[in-house]
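In: model the following, please.
(one chain, ligands or ions: 1)
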Amino acid sequence: METMRWADGCLEILDQTKLPGKVEYINCTEHRTVCEAIKRLSVRGAPAIGAAAAYGLALGAASVNAGTRKEFLTAVEDIAAELAATRPTAVNLKWAVDRILAKLKNCDCQAVNELKALLVREADDIYNEDLASNKKMGEFGRELVPDNAAILTHCNAGALATAGLGTALGVIRAARDAGKKVSVYADETRPLLQGARLTAWEMLQENIPVTLISDNMAGYLMSLGKVNLVIVGADRITANGDVANKIGTYGVAVLAKEHNVPFYVAAPMSTIDFNLASGKDIPIEERAAGEITHFAGIRVAPEGVGVWNPAFDVTPARLISAIITDRGVAKPPYGQSLAKLRLP
Ligand SMILES: CSC[C@H]1O[C@H](OP(=O)(O)O)[C@H](O)[C@@H]1O
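Out: Predicted coordinates for the structure are as follows:
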């Protein structure tokens, strides 16, 4: 199942808000449709929204009527700003649009049509590189997965969050492909249920045994010794190894530490923000109250109740056993190990 596909100047996005019940694609012919799809999590997951924003920038650029390179670049920068503003936490979004803007500025091409074609090629590269990156993370990460492993996941860091195999779920797939017997406990992941709706669905598609639990069951499950390791994805990792990921990840990490369960994070190097020294600087997206006060469209909380709805939390590096990247496995101290994996 493809998260997205570029076809003849149109970006088709798998609408993840409809899964697992319906498989529907949104046909995007302009960048604002992509912006809306990212905001409402029709496309979601750090690498996937990075790739979607890249294609969104190509879509927006295609409709720019500019006579000169300078006019074109100014218009594309405005579109990039709109896309980058859709969700603040996942660094891949801004990384993708910044990468394309840099490519445009560093090329000496003057013809606007050629610049438009360059944006599409760069978006394709970002998408294809993510697929390759998933495979590398799987190769590195599967070494950390013992045979007969019961693995707890949180949210969805699978094929649906990326261009192909997933980050955390990519490691699980790779361990299975290497002949290891694996099973998954999937946190449902309130409030948007990415675990119940997406991870459970992906694992069933793969015939990987999966058991769905509510988020508040994770601690008891670990206390019974039923979890061998935890693997989660990430939306932004800072230079010292602090990790922003779906809300609830921090609690799982604390519980894993309490029960001596290895806690792994799988993320490509494009998710690491070396410009931020620690997790306290990561912008945390806050979302609409209705995601908390309503369940499946039905109001479950009284009118007038106050709501706080951060979409992510920050897990401090001290709770993380290893960070599995597409360039290798980083172990503490992350300030040094991540820097070593960084390309010059
Ligand atoms: C492979 S990154 C997946 C990452 O993104 C998810 O957030 P959202 O569903 O809001 O886009 C979650 O934090 C996952 O771990």
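In: helices along the stretch 151-300 of the chain, start to end?
Out: Per DSSP state H, counting those that start in this stretch, the stretch 151-300 of the chain carries helices over the ranges 168-177, 194, 200-205, 218-223, 249-258, 290-293.
In: pick the most deeply packed of the ones you listed.
Out: Among the helices of the stretch 151-300 of the chain, ranked by average contacts under mean count of other Cβ atoms under 10 Å, first place goes to helix 194 (a mean of 28). Where you see a C-beta, it was placed from the backbone N, CA and C, and this is true even at glycine.
In: show me what that one packs onto, helices and strands only.
Out: Here helix 194 touches no other helix or strand, going by 3 or more Cβ pairs under 8 Å, 6 or more residues apart in numbering; DSSP states H and E.
In: near the ligand at all, that helix?
Out: Yes: interface with the ligand: helix 194 contributes Gln194 (Cβ under 6 Å from any ligand atom).
In: hang on, the earlier thing: reformat the helices of the stretch 151-300 of the chain as CSV; add distance to Met137 and mean pLDDT.
Out: Output for these, formatted as CSV (distance: least, Cβ to Cβ, whole Å; pLDDT from 0 to 100):
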stretch, distance to Met137, mean pLDDT
helix 168-177, 5, 98
helix 194, 19, 98
helix 200-205, 16, 98
helix 218-223, 23, 98
helix 249-258, 18, 98
helix 290-293, 29, 98
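In: pipe those helices into TSV and attach distance to Leu319 per row.
Out: Below are the helices of the stretch 151-300 of the chain laid out as TSV (distance: least, Cβ to Cβ, whole Å):
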stretch	distance to Leu319
helix 168-177	16
helix 194	21
helix 200-205	25
helix 218-223	14
helix 249-258	4
helix 290-293	25
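In: leaving out the residues flanking it, which one is nearest to Gly60?
Out: In space, and not counting its chain neighbours, Gly60 is closest to His31: 3.3 Å by Cβ to Cβ, 6 or more residues apart in numbering.
In: enumerate every residue touching the one you found.
Out: His31 sits next to 56-57, 59-60, 79, 82-83 when contact means Cβ atoms under 8 Å, 6 or more residues apart in numbering.
In: of those - the most surrounded one?
Out: Gly56 (32 neighbours; other Cβ atoms under 10 Å).
In: element containing the closest residue to it other than its chain neighbours, please.
Out: Leaving aside its sequence neighbours, Gly56 sits nearest to Val34 (Cβ to Cβ, 6+ apart; 3.3 Å). Per DSSP states H and E, Val34 falls inside helix 31-39.
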